[in-house]
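Engineer: The sequence isn't on hand, but the structure is:
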């Protein structure tokens, strides 16, 4: 659905709803947006793992992962942490405001290839945003997958995104959900500790399982290590990378990790490919 | 009508005809030579070695408006690129660079700005007879009379220029000035060959790139990167002046209510180029940036597009304020393989 005449011209979308996921210095806000043009709305298609350039005219654009599955409806969701100039401007948007969106960019999680398998997502902090579409996708296609397990952690309970959704899903039996926070908190009845350790404690079986991880680089590094300890093969492990980007279509040059452009060859990488790229975990 | 002679007596007339077609050519600017529009009555001279700044801005301006908008409004207006242009006097390396960079701007998704400009321009090159001290085009796939990327090639034959059309655009241009031309004599091919061989003989610097594209990733941790980047100031001259460097930034500029989304040259030698919003930088020092610059040109680009993204023009060597020398870096790379 990349604009064929000029890929740099974004589509206009309207913010339908927005809510806070987390608060504080690194607040995360979720936006539900709908394209203004009916044709764009109908023809837009993305798959879990893909990203879009979103922004505000006069401020700029940022590459943000699409945090909803196409199975959820004819809208897009973005969960954005307030960090810099563009995300600051995005956080000011309210329902009815316009957001500029171009994409979808990058490759996707090979959800078809994974049919019949157990899906295990391991997320940390805002890293859950690109994983959420898989959770939703698998949930919507329950009969095609063997099972769905979610491991998710953040610094504090207040830093967890989509918490309410996951609670609901685990209650309905759609998902085996394991939440963790770094330090003890009053009223917290889930796990306390780091994500990689909880993964080890849970001992998920590698048999017929795909593990997908996303989070801070340091977490990813230890999760990969622990997945190997648990007997996962490189081919069973996926992650999604991010780098600074400007164009999203492999022209502006900066997002490469070794010979791979994160915007085109990624953001989704199988560990068997990623381990050969020396810059991947820089 | 593919090879013709232009007597140098007809040069002013020839230039006059082209000036009417929005002609750009090298012009003296202080002690430098720079590509710019030729005004009526001006007479560009081709007796220069090469311009300090490559003519890449003809297709890829240093700053370019992608679209305009009004603050508080969502209508976007793209500037329409129209009007043909003739660029005369490019060296073959710079034209070849345009062909190389075009591969990227055509990769899967077309870049409308670059490709439209390319479509509108006719490139008239001039073969080198006096290569520079740091030229090494012949060992990276080019040559002093390479026609890659050109529409028309001129070769200096002393009293005459030999004009060889390379593309249909070149043929059309020859057609338009045909009353100034005479047929090339039968021995012109041999004369050209001799001139080219002479020029090639003057190129003293060489790169041995055999095994380099495949071998570079394996040198990731090699101490050579520290060595070759130790004196780097991070000024970005090597990339700004590189005819194959194509990296750009996109920024919004607002004056009152008038907004523009711009793209401008960027450089992988700058820290901000890769810096994440969080402050984390995957290429934190000049060592990583130099390694990326060399690897991109001599390995990654070869992986993607099957050609080295360096044409051997020597600008990054000539103009580096601390004498970092890509030929020497490649020598060390080769040694480390």
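Structural biologist: That came in fine, so what should we check first? Keep in mind the model is a prediction, meaning the values are calculated, not measured. Residues are numbered from 1 along each chain as shown, chains lettered A, B, ... in the order given.
Engineer: rest of the way, CA atoms for contacts and neighbours
Structural biologist: Noted.
Engineer: So for stretch B:44-58, what gets flagged as buried?
Structural biologist: Across stretch B:44-58, burial judged by 16 or more other CA atoms under 10 Å in any protein chain shown covers B:44, B:46, B:48, B:50, B:51, B:52, B:53, B:54, B:55, B:56, B:57, B:58.
Engineer: and the closest residue to the second one other than its chain neighbours, what does it touch?
Structural biologist: Right, the one you point to is residue B:46. When the adjacent residues along the chain are set aside, residue B:46 lies closest to residue B:89, with 6.4 Å between them (CA to CA, 6 or more residues apart in numbering or on different chains). Going by CA atoms under 8 Å, 6 or more residues apart in numbering or on different chains, residue B:89 touches B:25, B:26, B:46, B:124, B:125, B:126.
Engineer: go with 6 Å
Structural biologist: Residue B:89 makes contact with B:25, B:125, B:126 under the criterion CA atoms under 6 Å, 6 or more residues apart in numbering or on different chains.
Engineer: Surely residue A:212 is within a helix?
Structural biologist: No: counting by DSSP: H, G, I helix; E, B strand; the rest coil, one finds residue A:212 to be strand, located in no helix.
Engineer: Was I right to think it contacts residue A:238?
Structural biologist: Yes: under the criterion of CA atoms under 6 Å, residue A:212 makes contact with residue A:238 at 4.6 Å.
Engineer: The two - which one has more neighbours?
Structural biologist: When residue A:212 and residue A:238 are compared on other CA atoms under 10 Å in any protein chain shown, the one with more neighbours turns out to be residue A:212, at 26 against 22.
Engineer: partners of the more buried one in the sheet?
Structural biologist: Residue A:212 has these beta-bridge partners by DSSP bridges: residue A:121, residue A:238.
Engineer: What separation is there between residue A:98 and residue A:55?
Structural biologist: When CA to CA, to the nearest Å is applied, the distance between residue A:98 and residue A:55 equals 9 Å.
Engineer: what's the answer for residue A:62, then?
Structural biologist: 6 Å.
Engineer: just the contacts of residue B:89 now: which is nearest residue B:15?
Structural biologist: The shortest separation between residue B:15 and any of the contacts of residue B:89 is 9.9 Å, and it belongs to residue B:25 (by CA to CA).
Engineer: Doesn't that closest one lie inside a strand?
Structural biologist: Yes: looking at residue B:25 with three-state DSSP, it is inside a strand.
Engineer: shouldn't it be in contact with residue B:88?
Structural biologist: Yes: in terms of CA under 6 Å, residue B:25 counts as a neighbour of residue B:88; the distance is 5.1 Å.
Engineer: How about the secondary structure of residue B:208?
Structural biologist: Criterion first, three-state DSSP; result for residue B:208: coil.
Engineer: For it, give me the pLDDT.
Structural biologist: Residue B:208 is assigned 95 on the pLDDT scale.
Engineer: Please enumerate the helices of the stretch 101-250 of chain B.
Structural biologist: B:112-120, B:168-176, B:188-201, B:212-215, B:224-229, B:237-240 (DSSP state H, counting those that start in this stretch).
Engineer: which other helices and strands contact the third one?
Structural biologist: For helix B:188-201, not one helix or strand is in contact under the criterion 3 or more CA pairs under 6 Å, 6 or more residues apart in numbering or on different chains; DSSP states H and E.
Engineer: how about the residue of the stretch 1-150 of chain A found nearest chain B, what does it touch?
Structural biologist: Here the stretch 1-150 of chain A gets closest to chain B at one residue, residue A:58, 5.3 Å apart by CA to the nearest CA. The neighbours of residue A:58, taking CA under 6 Å, 6+ apart as the test, are B:252, B:259.
Engineer: Poorly predicted segments of the stretch 51-200 of chain B, please.
Structural biologist: Counting by pLDDT under 70, the stretch 51-200 of chain B contains no low-confidence range.
Engineer: Any residues of chain A in contact with chain B? List them.
Structural biologist: Residues of chain A that fall close to chain B, judged by CA under 6 Å from any CA of the partner chain: A:58, A:59, A:60, A:84, A:244, A:252, A:253, A:259, A:282.
Engineer: Thanks a lot, see you next time.
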